[in-house]
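Novice: Structure for the following, please:
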Amino acid sequence: MKWLDNFSMRNFTNATAFDDTLPVADGLMEIGSKVPLEQLRAAMEDWFQRKSYIPKQSKLVLTPED
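Specialist: Presented below is the predicted three-dimensional model:
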């Protein structure tokens, strides 16, 4: 699972800064404390828009879970 996660994250961003992320459920991702959140948000938003997963005018919102 860890290898698959690293592979998929690196494929869409090509950035090692996002290696410390792990999808945990639909719409939920565990993000390491050293991951630059704004950079992750922008990269994911761009990728989702390019893949037409979200409309071009949509904005991705990252919120901490309590």
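Novice: from here on, contacts and neighbour counts on C-alpha atoms
Specialist: OK.
Novice: residue ranges for the helices of the chain, please.
Specialist: Using DSSP state H, the helices of the chain run over 2-13, 37-50.
Novice: Residue 32 reaches residue 17, doesn't it?
Specialist: No. Residue 32 is beyond contact range of residue 17, at 9.8 Å (criterion: C-alpha atoms under 8 Å).
Novice: just flag whichever of the helices of the chain has the lowest average confidence.
Specialist: Among the helices of the chain, helix 2-13 carries the lowest mean pLDDT, at a mean of 65.
Novice: how about the most centrally placed residue in the chain, what does it touch?
Specialist: The centroid of the chain falls nearest to residue 44 when counting by C-alpha atoms, centre = their mean (4.8 Å). Contact partners of residue 44, counting by C-alpha atoms under 8 Å, 6 or more residues apart in numbering, are 13, 60.
Novice: what do you get for the one 3 residues further on?
Specialist: Contacts of residue 47 were listed using C-alpha under 8 Å, 6+ apart, and they are residue 12.
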